[in-house]
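In: Here is my input, please return the structure:
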Amino acid sequence: MLRQKIVVIVIAIGSVIQVQGQDLQTETVEVVKNFEARLADANKQRLEPEPEVKEVTNQKFEYNIEEKLMEVEYLAPTIRPVGISTEKLDPGYNGFAKAGFGYPISPYLDAGYLFGSESSSNVLARITHHSANDKNYANQRFSDNDALLKGTLQTNRGFALDGYAAVSVDNYAFYGYDHEDTTNQFTAEDVKNKLNLFELGLKIYNSNESDAKINYWAGIDVYRFANNFATRETGLNLDLGLTKWFGDNPLTVALGTDLTRLKDTTIQKLNNFYVNPTFSFGTSSLRFKMGARLASSNEEYFIYPDVELLLSLAGNGLSLFAGADGGLRKNNFKILSAYNPFLVSELTDIRNSQYYDFYAGVKGRVAGIEYSAQAGYKPTNDLALFEVNQDKPWNRFDVLYDTANIIYIQASLKGNIVENLDISGSIVHNIYDLNNEEKAWYLPQFQGNVGLSYLAIDQKLRLKAEVYVNNAVPFKELDFPKEPNLLLDVSLGADFFLTENFGLFMHLNNLSTNQYRRWYGYPGFGLNVLGGLTARF
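Out: As a prediction, the model looks like this:
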C-alpha cells in the first residue's frame, strides 16, 4: 500500500511539472496607443510598440471622458479644436443621444444604445460626428466621423467572446499656409486630407474561474488605414496569454505580434514580436513583480525589465512604488497620424522607439481624493520628432528620429472635495537631452489641466470649469513670422435635465480666445460655443 501511494505521488508531481512547463512557453507586448507619436507612447493601446491593444470590454455609456496621464514621450494635444465633453449616463439607461450646434459652424452628434445587459450577452452600437468650419480663416476646418459596433457573447461552457468593428472617416484640411499672400488661394478640394480607418477585433477568454485557477485569453485585431493620396497601411495584432494563480500570487505569460505593412510609392514593413513572463508575490503591504519583456523586430532582439516594488505604509492612504520597464513603441503611419494629422502623404521611414523606464513614486487615497506622483528616467533610441516639409505651398510634416535621455515628472488627482463637488487634474513635465537635434521638435515639455464639476438642483444640473495649459512647443523657424505658441484655455459648461429623460447643454470653450499653434502654421480655433439637446432612454 505504501509503495502504491509513492507511485501515485510521483505521477502527480510529474504531471504538475509537465503542465507548468507548458505554461511557460507562451506570451506578448501597449504599443503605446503606439506612439504611441500621439505618440502618446498608448497603455495604452502595450507592444510597447504602443499603444497597447486594449481588451474590448463592456462599458457604461459616458458623456464625460475621464482625465488620465499620457505617455511621457508622446503627449497628445490636450484639446481638439472646438472641444466637447460628455456626461456620465445613469446606469439605469441603455441608450443616450446628444446633439448640438455651435460657433464656428460646428454640428455635433453622439448617440448609442446597448442591446442586452452588461452582465450577459449584449451588443453596443454607437455613432459620433463632430466638425467645425471657421469662415474667418480660409480652409480651417475638420470633421470626425466614427461608428462602432461591439458585443459580448457569454456561453455556458465557461468562456466568452468579445468582438468589435469600427469605422473612422476623418478630414483635416491643410490650412497651414501664408493666408496674407494673395497668391495662395486654395479650394477645399486642394487642401483635402482624408483619413479612413477600418478595424476588426475578436477575443476569447474564460468567463469563469477554473478549478485549476487558470485564466487564458486569445485575441486578434486587424486594421486598414488610408488617406486620399494612395497611402495604404494594414496591420495585424495577435495577443495570447495565460495566468496561473498560486493563492494571491499570479504567474502570467503573454505573447503577441504587431505586424505593419505600409504601401505608398514603396513598401515598408515593421513587424514586432514579444514574450512577457511575470510573477507577482508578497503580502497585502509589500508586493513584488518580477519579469522581463523579450522583443524582436525585423531580426533584431531586445530584452527589457518588467519589475516593480509596491510598499503600502497606510493601507490605501499611502503607498510607495519603484520599478523598471521598457519595450518597443511603434511609429507607423496610423499612430503618427493620430498624433499629427498633417503628415506628408508618404513617410520616408517608420521605426520603433526602443526605451527603458526607471521610475519611483507615491500614490494613495485620502479624504475621497485619489492621487499619484511619479518621477522617472527614460533613455530612448529613435524618439520620433517632427519637421516641416515644404514641398507644397502648405506646411506638412515629416518624421525624424533622434536618441534622447528623458527625465520626467507627472502627477494626477481625482475625487470628491465635498458633497457634489468633484475635482480632477494632471501635470506632466519632460526634460529632453538629445544627441543630435537642438530640441525635441513639437513635443511639449509641460502640460497641465484642472477641472471642477458641481451637481445641483437634485443632481439635475451639472456645472463645469476646466483650465488647460501647454507650454510653447519648439519648432524650427521657417518663412512665417514667429507665432505665439502658449496654450491657456479656460472653458465653462452646463448640463441641465429638464425631465427625467431630456435636457439641455451649453459649453463655452477657450474663453481666453487663445489660438494655440500646436503645429507650425496651424493656429487653433479661438472662442467656440456649442449647445444642444440630450436624451437618455
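In: Could I get the full set of strands for the stretch 201-350 of the chain?
Out: For the stretch 201-350 of the chain, the strands defined by DSSP state E, counting those that start in this stretch occupy 214-227, 232-246, 249-263, 267-282, 286-297, 300-305, 307-312, 319-331.
In: Name the stretch among these that sits most buried.
Out: Burial of the strands of the stretch 201-350 of the chain is given as mean neighbour count (mean count of other CB atoms under 10 Å); strand 319-331 ranks first at a mean of 24. (C-beta placed from N, C-alpha, C; glycine too.)
In: follow-up on the earlier one: with distance to residue 110 as extra columns, can I get the strands of the stretch 201-350 of the chain in a markdown table?
Out: Output for those, formatted as a markdown table (distance: least, CB to CB, whole Å):
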| stretch | distance to residue 110 |
| --- | --- |
| strand 214-227 | 23 |
| strand 232-246 | 27 |
| strand 249-263 | 30 |
| strand 267-282 | 34 |
| strand 286-297 | 37 |
| strand 300-305 | 39 |
| strand 307-312 | 37 |
| strand 319-331 | 30 |
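In: Just send the ones you listed back as a markdown table, with mean pLDDT too.
Out: Below are the strands of the stretch 201-350 of the chain laid out as a markdown table (pLDDT from 0 to 100):
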| stretch | mean pLDDT |
| --- | --- |
| strand 214-227 | 97 |
| strand 232-246 | 97 |
| strand 249-263 | 97 |
| strand 267-282 | 97 |
| strand 286-297 | 97 |
| strand 300-305 | 96 |
| strand 307-312 | 97 |
| strand 319-331 | 97 |
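In: closest one to residue 136 among those strands?
Out: If you check each of the strands of the stretch 201-350 of the chain against residue 136 by CB to CB, strand 214-227 wins as the nearest, at 27.2 Å.
In: So which other helices or strands are in contact with the closest one?
Out: Contact here means 3 or more CB pairs under 8 Å, 6 or more residues apart in numbering; DSSP states H and E; on that basis strand 214-227 packs against strand 194-206, strand 232-246, helix 333-339.
In: The second one versus strand 214-227: what angle between them?
Out: In this structure, strand 232-246 runs at an angle of 170 degrees to strand 214-227, with axes from the mean of the first three to the mean of the last three CA atoms, to 10 degrees as the basis.
In: ditto for the first one
Out: Orientation of strand 194-206 against strand 214-227 (the same axes, to 10 degrees) gives an angle of 170 degrees.
In: Tell me how far residue 131 lies from residue 192.
Out: According to CB to CB, to the nearest Å, residue 131 and residue 192 sit 14 Å apart.
In: hang on, the earlier thing: select, out of the helices and strands packed on strand 214-227, the one closest to residue 141.
Out: Across the helices and strands packed on strand 214-227, residue 141 has its closest neighbour in strand 194-206 (12.2 Å, CB to CB).
In: partners of that closest one in the sheet?
Out: strand 159-172 (antiparallel), strand 214-227 (antiparallel) (DSSP bridges).
In: between these, which gets nearest to residue 468?
Out: The closest of the strands paired with strand 194-206 to residue 468 is strand 159-172. By CB to CB, the value is 20.3 Å.
In: residues making contact with the closest one?
Out: 55-57, 141-155, 192-207, 219, 341-342 (CB atoms under 8 Å, 6 or more residues apart in numbering).
In: Buried residues, the host helix or strand of residue 491. List them.
Out: For residue 491, the element it lies in under DSSP states H and E is strand 487-497. Of the residues in strand 487-497, 487, 489, 490, 491, 493, 495, 497 count as buried by neighbour count, 16 or more other CB atoms under 10 Å.
In: Closest one of the residues you listed to residue 275?
Out: Within the buried residues of strand 487-497, the smallest distance to residue 275 is 41.0 Å, found for residue 487 (CB to CB).
In: Give the full set of residues in contact with the closest one.
Out: Applying CB under 8 Å, 6+ apart, the residues near residue 487 are 78, 468, 469, 470, 514, 516, 518, 524.
In: One more pass at 6 Å, please.
Out: 470, 516 (CB atoms under 6 Å, 6 or more residues apart in numbering).
In: If it is in a bridge, with which residues?
Out: Legend: beta-bridge partners of residue 487 under DSSP bridges are residue 470.
In: How much space separates it from residue 470?
Out: 4 Å.
In: tell me which helix or strand of the protein sits lowest on mean pLDDT?
Out: The weakest-scoring helix or strand in the chain, judged by mean pLDDT, DSSP states H and E, is strand 62-63 (a mean of 40).
In: Specify the local secondary structure of residue 410.
Out: strand (DSSP: H, G, I helix; E, B strand; the rest coil).
In: Which pLDDT value goes with it?
Out: If you check residue 410, the pLDDT there is 97.
In: And residue 181, by the same measure?
Out: Residue 181 carries a pLDDT score of 82 in this model.
In: and the helix or strand encompassing residue 97, C-alpha only, in PDB?
Out: Residue 97 is part of strand 95-103 when elements are defined by DSSP H and E. Output in PDB follows, covering the C-alpha atoms of strand 95-103 (Å, rounded to 0.1, in the frame of the first residue of the first chain):
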ATOM      1  CA  GLY A  95     -29.300  54.500 -24.600                       C
ATOM      2  CA  PHE A  96     -28.400  58.100 -25.000                       C
ATOM      3  CA  ALA A  97     -28.200  60.800 -27.600                       C
ATOM      4  CA  LYS A  98     -26.600  64.200 -27.600                       C
ATOM      5  CA  ALA A  99     -26.900  66.600 -30.500                       C
ATOM      6  CA  GLY A 100     -26.000  70.200 -30.900                       C
ATOM      7  CA  PHE A 101     -24.700  73.100 -33.000                       C
ATOM      8  CA  GLY A 102     -22.200  75.800 -32.300                       C
ATOM      9  CA  TYR A 103     -19.900  78.600 -33.400                       C
END
